[in-house]
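S.K.: sequence first, predicted model second:
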Amino acid sequence: MMTNAPTNLELSPSRAIRVSNSQISKFMRCPKKWWYTYGPLQLKEPTSKKAAMGTAVHAVLEAYLRDGTPIPDTPAGRIASVGLDK
């Protein structure tokens, strides 16, 4: 079973990068598009309001699950908190 959990890949003893399974899948489909999206320039495509909200919800959930950051009382936080046992 594949998850979108980040994986640390060691580049050197002093530097690790985080890569999700979805990023690996995107790279396998089109390395050039992956490079422009996730590489040093990180050229993001314009997003819709719905996509921006989804990104915000994911960021809230990631912080909560990673280190216990409290869920904020924001639209993204309220969506993220649905179904969480607090």
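M.R.: Here it is on my side, so go on. Numbers count the residues shown, from 1 in each chain.

S.K.: where's residue 71 relative to residue 82, distance?
M.R.: Separation of residue 71 from residue 82 (CB to CB, to the nearest Å): 10 Å. For glycine as for every other residue, the C-beta is placed from the backbone atoms N, C-alpha and C.

S.K.: more neighbours: these two, which one.
M.R.: Just comparing residue 71 and residue 82: by other CB atoms under 10 Å the higher neighbour count belongs to residue 71, 17 against 7.

S.K.: that one touches residue 77, doesn't it?
M.R.: Yes - look at residue 71 against residue 77 with CB atoms under 8 Å: they come within range, at 4.6 Å.

S.K.: give me the common contacts of those two.
M.R.: Shared contacts of residue 71 and residue 77 (CB atoms under 8 Å, 6 or more residues apart in numbering): residue 60.

S.K.: low pLDDT regions in this protein?
M.R.: The chain contains residues with pLDDT under 70 at 1-17, 43-46, 86.

S.K.: that one: helices as residue ranges?
M.R.: 21-29, 31-38, 49-67, 75-81 (DSSP state H).

S.K.: a markdown table for the ones you listed, including mean neighbour count?
M.R.: Below are the helices of the chain laid out as a markdown table (neighbours: other CB atoms under 10 Å):
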| stretch | mean neighbour count |
| --- | --- |
| helix 21-29 | 13 |
| helix 31-38 | 14 |
| helix 49-67 | 13 |
| helix 75-81 | 16 |
